[in-house]
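J.: Any chance you can model this:
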Amino acid sequence: MSYSARPGFVRADGTELVDDAGVLLPRGIGLGNWLLAEGYMWRFGDEQSAPRQIEARVEALVGADAAAAFWRGFRNRFITEADFSEIARLGFDHVRLPINARGVMDDEGRFIEEGFALIERAVAWSEQYGLRILLDLHGAPGGQTGTNIDDSPNGKPELFMDERYRRDTIALWEELARRYRDRESVFGYDLLNEPLPNEWQHVYADELVALYRELTAAIRAIDDRHLIMYEGSHWATNWSVLRERFDDNQALQFHRYWCAPDDTSIAEYLEVRDELQTPIYMGEGGENTPGWVYAATQLYERHGIGWNFWPWKKLGTLTSPFSAPVPEGWERIADHSVVPDAAEASATLGAFLEAVELANCERRDDVIDALFARPGFTLPAWAGIRDGVPAPVGALIDGPLPEGIWHHTAGAPYQEHERVAVALAAGSRLAFPLAEQPAAWTVDADDASAVSVHWDGSSLVLEAQASVRVRGVDVTR
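T.: Alright, predicted model coming up:
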């Protein structure tokens, strides 16, 4: 299979992202866990959730030399050329690459070429397979969140507390801009991932805005062509810090998890897009059921918003495109109170490295099909469009919304009481946009015989022949 890249740099044109071939609607995948380990992707608890904690656990189990060899193996096997090939084959057009500053810069601010080589490897594979790659500073010097996800040394957002970390962050982005200013495959620069969550969003809001302006000026002194992305505070959901434009060639990024997949969850972002006449982008979302994923992705695309799904691969998961099998005995590695001997730990960690290679992972077709609106999963009735007018889920369903319905973080199927119904009057229609016509479908309704189904060329349409309550429809290829 051959791959060709779209021409030109990605850039802002009013509220749209474009390149030399025209308007873009990006569809991407996040390469979480590769360059910045996250404990939940290893099925670890809070005691081993940050990269430093995971590294300490591995070293305590097998010793420093074996631990160093393990991490070299992990970087070489968790994400490989085969992953990029499969990402392109499945239909994604870009990847978002989370970068840990500690992997490319030491405590004295010196650059680490071994770490930059991994970034370059990913950029080169992107070019080889016709993909673009968004460089995401997921763990800034000192930490921009003060949580496990940024590898902060002391559990505080010290990027905003210590001048040294601010200088290092600027220097790092200057270096990235120098290295990649001429590479069209680089989608853009995602300056900080999810800065200042929780109480910190109110403490350092002004400092975040000031840093964004400093980073913009530093990058533009070197690179005046690449798109720059700015995320809101509080897990990229609070856009109060983004109400003024930072650059002519910018995009604003939000993240959405565990919320209603309808307009109520993105209304503020649409408002800011229109006010500032700037593109917006959904940079992280997922960790939910295929039905939710389908509804959320359709929501973004209906509004012309590109998206990036999180993440590509995890250990023993239902919610990512690929799931690595859990090695035998892994629970003894994951339980921080258990200390297996070095031989047992080495064997289990070796089995883990085998498991995370793409060829050994299980492909989750229902997740992939949901992302691209391809038949192969169950469409909840609340994910449909009734009589041609998109509506909030709360207004669409017949009855109260079950508590916790948006919090299926492990991807478990909806329970019977969660299969809420949409009421259709005689002649009313419920449409589900799909990329292709299903080979077969099965309607879940109080009286399935009261529902006729047809394909209209772009959507599967359920039409009520009499008043009926519909809970969903299974679609297959």
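J.: Contacts for stretch 394-402, please.
T.: Here stretch 394-402 makes contact (Cβ atoms under 8 Å, 6 or more residues apart in numbering) with 260, 264, 381-382, 384, 386, 393, 417-418, 420-423, 469. Where you see a C-beta, it was placed from the backbone N, CA and C, and this is true even at glycine.
J.: Quick one: end-to-end distance for it.
T.: With Cα to Cα, to the nearest Å as the measure, the ends of stretch 394-402 fall 11 Å from one another.
J.: Repeat that for stretch 392-410.
T.: End-to-end for stretch 392-410, by Cα to Cα: 24 Å.
J.: Counting neighbours, which bits of it end up buried?
T.: Using 16 or more other Cβ atoms under 10 Å as the test for burial, stretch 392-410 gives 393, 396-397, 405-406, 408.
J.: Next: stretch 329-338.
T.: 330, 333-334.
J.: next one: stretch 224-235
T.: Buried residues in stretch 224-235 (16+ other Cβ under 10 Å): 225-235.
J.: now stretch 91-106
T.: The neighbour-count criterion (16+ other Cβ under 10 Å) identifies 92-105 as the buried residues of stretch 91-106.
J.: Narrow those residues to those in helices?
T.: 101-104 (DSSP state H).
J.: Longest helix of the protein, counting residues only.
T.: Under DSSP H, the chain gives helix 163-180 as its longest helix.
J.: For whichever helix or strand comes after that one, which outside residues touch it?
T.: Toward the C-terminus, helix 163-180 is succeeded by strand 186-190 as the next helix or strand (DSSP states H and E). Strand 186-190 is contacted by residues 10, 26, 94, 96, 123, 132-137, 173, 176-177, 180, 219, 226-229, 231, 251, 253, 283 when judged by Cβ under 8 Å, 6+ apart.
J.: Can you list which of those are found in strands?
T.: Among these, the members found in strands (DSSP state E) are 94, 96, 132-137, 227-229, 231, 251, 253, 283.
J.: Apart from its neighbours in sequence, what residue is nearest Ser265?
T.: Cys259 (4.4 Å; Cβ to Cβ, 6 or more residues apart in numbering).
J.: Name the residues of stretch 56-65 that come out as buried.
T.: So stretch 56-65, judged by 16+ other Cβ under 10 Å, has buried residues 57-59, 61-62.
J.: what kind of secondary structure is Val326 in?
T.: For Val326, the assignment made with DSSP: H, G, I helix; E, B strand; the rest coil gives coil.
J.: how about Glu113, phi and psi?
T.: phi -60, psi -30 (degrees, to the nearest 10).
J.: What distance do you get for it to Glu127?
T.: 20 Å (Cβ to Cβ, to the nearest Å).
J.: Spit out the contact partners of Gly142.
T.: Gly142 makes contact with 152-153, 157-159, 161-162, 164-165, 168-169, according to Cβ under 8 Å, 6+ apart.
J.: ok so, going back, okay, Glu113 and Glu127: which has more neighbours?
T.: Between Glu113 and Glu127, counted using other Cβ atoms under 10 Å, Glu127 has the larger neighbour count: 18 against 9.
J.: is it true that the more buried one touches Ser185?
T.: Yes. Using Cβ atoms under 8 Å, Glu127 makes contact with Ser185 at a distance of 4.5 Å.
J.: what do those two both touch?
T.: Counting by Cβ under 8 Å, 6+ apart, the residues touching both Glu127 and Ser185 are Ala5.
J.: quick one on the thing from earlier: so among the contacts of stretch 394-402, which ones count as buried?
T.: Counted by 16+ other Cβ under 10 Å, the contacts of stretch 394-402 give 260, 381-382, 384, 386, 393, 418, 420-423, 469 as buried.
J.: Mind putting those into TSV with distance to Trp455?
T.: Shown next, in TSV, are the buried ones among the contacts of stretch 394-402 (distance: Cβ to Cβ, whole Å):
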residue	distance to Trp455
Ala260	28
Ala381	18
Trp382	21
Gly384	14
Arg386	18
Val393	24
Glu418	28
Val420	25
Ala421	23
Val422	20
Ala423	23
Arg469	23
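J.: thinking again about what came up before, from the buried residues of stretch 392-410, which ones fall inside helices?
T.: Per DSSP H, the buried residues of stretch 392-410 map to helices at 393, 396.
J.: And the buried residues of stretch 392-410, which is closest to Trp42?
T.: Using Cβ to Cβ, His408 is the member of the buried residues of stretch 392-410 that lies nearest Trp42, at 20.7 Å.
J.: shouldn't that closest one be in contact with Trp292?
T.: Yes. In this structure, His408 is within contact of Trp292 by Cβ under 8 Å, at 7.0 Å.
J.: what's near enough to touch the nearest residue to Cys361 once chain neighbours are set aside?
T.: The shortest distance from Cys361 to any residue other than its chain neighbours is 4.2 Å, reached at Phe322 (Cβ to Cβ, 6+ apart). By Cβ under 8 Å, 6+ apart, the residues touching Phe322 are 312-313, 358, 361-364.
J.: now swap in Ala342 and tell me
T.: Ala342 touches 61-63, 66, counting by Cβ under 8 Å, 6+ apart.
J.: pLDDT at it, what is it?
T.: Here the pLDDT value assigned to Ala342 is 97.
J.: measure it to Asp369 for me?
T.: 43 Å.
J.: And for Asp224?
T.: 41 Å.
J.: Could you do Arg181 as well?
T.: 38 Å.
J.: And the two? Which one has more around it.
T.: Taking other Cβ under 10 Å, Arg181 and Asp369 do not tie; Asp369 has more neighbours (21 against 15).
J.: What is the subsequent helix or strand relative to the strand or helix carrying the more buried one?
T.: For Asp369, the host element (DSSP H and E) is helix 365-371. Remark: after helix 365-371, the chain's next helix or strand is strand 377-380, criterion DSSP H and E.
J.: picking that back up, could the buried ones among the contacts of stretch 394-402 be laid out in JSON lines, adding secondary structure?
T.: Compiled in JSON lines, the buried ones among the contacts of stretch 394-402 are given as follows (three-state DSSP):
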{"residue": "Ala260", "secondary structure": "coil"}
{"residue": "Ala381", "secondary structure": "helix"}
{"residue": "Trp382", "secondary structure": "helix"}
{"residue": "Gly384", "secondary structure": "coil"}
{"residue": "Arg386", "secondary structure": "strand"}
{"residue": "Val393", "secondary structure": "helix"}
{"residue": "Glu418", "secondary structure": "helix"}
{"residue": "Val420", "secondary structure": "coil"}
{"residue": "Ala421", "secondary structure": "coil"}
{"residue": "Val422", "secondary structure": "strand"}
{"residue": "Ala423", "secondary structure": "strand"}
{"residue": "Arg469", "secondary structure": "strand"}
